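Asker: pasting a predicted model and its sequence here:
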Amino acid sequence: MKSKRPGKQRKRLFNAPLHKKRKWLSSHLEENLLLKYDRRNMPVIKGDTVKVMRGSYRGHEDKVAKVDVKSGYVEVEGVTIIKADGKKIPRLLHSSILLITKLNLTDKWRREKLEKGLSEETRKEIEREAAQQLKDAEEQKRKEEEEIKREEARQKAMEEKPEETVEQPAEIKEETKTEEIKIEEKEQEKPKTEKKTTKKTTQTKPKKKEEEEK
């Protein structure tokens, strides 16, 4: 059901199922892609290279980092805003202000849709480009895994490495030794004095008692 009333149109957009929202997240193709694939627009997916056509980031060209079908917005690498606390967060863009400059052909279903109605030469070209993109993606994944392994090995080495003992100079060592000897001598003298006092007290008590008895 179609309506000219804006309220009904917004309600339809908001309550639409995801398979319809996915199709509405489409962007125009660049002129060379338009002539090559004989299509004006395509649904945006992660990995497509897009160019921002309007707004403060006009002219910025980078890959799509995320496509949020539920909200109907797209995240592009390098398009960020700074919050009041200083943190950088991605700025969401609508697909209508983007222009697709390079398609991500790693998806088999997308290639099949593109190849419909095209000549044999363009189909072969699409397959070659898709194979190259898959190869590049595998290489990138391998590099990331190697980097993660190196980082883990570095952390393990840091944890297992014993703490380096710093040698003190000879003068400080001698001073600490003399201080330790003095403390030991004091500790040895303390119990001797206590014994003497106990002996004296034991000796004086019976003398006083004898004088009182006399």
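Answerer: All right, it came through fine.
Asker: A helix includes residue 153, no?
Answerer: Yes. Counting by DSSP: H, G, I helix; E, B strand; the rest coil, residue 153 is located in a helix.
Asker: now the element after the host helix or strand of residue 7, going C-ward?
Answerer: Taking DSSP states H and E as the definition, residue 7 sits inside helix 6-14. Once the chain leaves helix 6-14, the next helix or strand it forms, by DSSP H and E, is helix 18-24.
Asker: mind saving the C-alpha coords of that following helix as CSV?
Answerer: Backbone C-alpha positions of helix 18-24 (Å, rounded to 0.1, in the frame of the first residue of the first chain) are rendered in CSV as follows:
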residue,chain,number,x,y,z
LEU,A,18,14.7,-6.8,7.3
HIS,A,19,14.8,-8.3,3.8
LYS,A,20,13.1,-5.1,2.5
LYS,A,21,15.3,-2.8,4.6
ARG,A,22,18.4,-4.5,3.1
LYS,A,23,17.3,-3.6,-0.4
TRP,A,24,16.7,0.0,0.6
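Asker: what does it contact?
Answerer: Contacts with helix 18-24, where a contact means CB atoms under 8 Å, 6 or more residues apart in numbering, come from 13, 16, 43, 69, 70, 72, 95. The way it works is simple: take the backbone N, C-alpha and C, and place the C-beta from them, glycine included.
Asker: and these as a markdown table, adding distance to residue 181?
Answerer: Converted to a markdown table, those look like this (distance: CB to CB, whole Å):
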| residue | distance to residue 181 |
| --- | --- |
| 13 | 88 |
| 16 | 88 |
| 43 | 85 |
| 69 | 79 |
| 70 | 78 |
| 72 | 81 |
| 95 | 82 |
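Asker: list the buried residues of stretch 114-128.
Answerer: 114, 115, 126 (16 or more other CB atoms under 10 Å).
Asker: can you put those residues in a markdown table and add secondary structure, pLDDT and distance to residue 78?
Answerer: Compiled in a markdown table, the buried residues of stretch 114-128 are given as follows (DSSP: H, G, I helix; E, B strand; the rest coil; pLDDT from 0 to 100; distance: CB to CB, whole Å):
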| residue | secondary structure | pLDDT | distance to residue 78 |
| --- | --- | --- | --- |
| 114 | helix | 89 | 27 |
| 115 | helix | 89 | 32 |
| 126 | helix | 91 | 28 |
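Asker: picking that back up, among the contacts of helix 18-24, who's most crowded?
Answerer: residue 95 (20 neighbours; other CB atoms under 10 Å).
Asker: from residue 106, how far off is that one?
Answerer: Between residue 95 and residue 106 the distance is 20 Å, computed by CB to CB, to the nearest Å.
Asker: pLDDT weak spots in the chain?
Answerer: Counting by pLDDT under 70, the chain contains low-confidence ranges at 1, 162-177, 189-214.
Asker: farthest-separated two in the contacts of helix 18-24?
Answerer: Spatial extent of the contacts of helix 18-24 (CB to CB) is set by the pair 13 and 43 at 15.9 Å.
Asker: returning to what we had before: quick one: which of the contacts of helix 18-24 sit in helices?
Answerer: Mapping these onto helices (DSSP state H) picks out residue 13.
Asker: need the three-state assignment for residue 28.
Answerer: Under the three-state scheme (three-state DSSP), residue 28 adopts strand.
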